[in-house]
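A.B. asks: I would like the atomic coordinates for the input below:
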Amino acid sequence: MADAYAAPITQAVLADEAQHLNYGKQWLRQRFSAVAAAVESCALEAVPVALAMLQSLGDDLQAIGIDPSELVADFSETFRRALQSAGFSNRASQQLLSRAAARALG
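C.D. replies: Here you go, the predicted structure:
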């Protein structure tokens, strides 16, 4: 979506961030039992904030052709997969995401 000048810069930044995420994922996997409770606590705080941010952008997202509910669904699925890659089981990641989303609604 970026112009010819910004596209390679954007690609380089995204590749760099992907590398950082991979380092973090490996670190979490290696220490999962020691950090699981802290990750859960952070998720319970961060997900409601992220969902509120996405909700506040609803009108702007629609204006540029992005369905806000699809973006929330994509965010939720990506977050759930990230929890799994850090060491949470499929069920545990889904339950954690559900609890965090409930906090956002309540």
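
A.B. asks: distance from the chain centre to the host helix or strand of T78, please.
C.D. replies: In this assignment (DSSP states H and E), T78 forms part of helix 68-86. In terms of Cα atoms, centre = their mean, to the nearest Å, the centre of helix 68-86 is found 6 Å from the chain centre.

A.B. asks: give me the residues contacting that helix.
C.D. replies: By Cβ atoms under 8 Å, 6 or more residues apart in numbering, the residues outside helix 68-86 that reach it are 25, 28-29, 32, 39, 43, 47, 50-51, 54-55, 57-58, 61-62, 90, 92-94, 96-97, 101. All C-beta spots, glycine's among them, are computed from the backbone N, C-alpha and C.

A.B. asks: which among these count as buried?
C.D. replies: Neighbour counting with 16 or more other Cβ atoms under 10 Å marks 28, 39, 43, 47, 50-51, 54, 61, 93, 96-97, 101 as buried within these.

A.B. asks: between these, which is closest to A7?
C.D. replies: Within those, the smallest distance to A7 is 21.9 Å, found for L61 (Cβ to Cβ).
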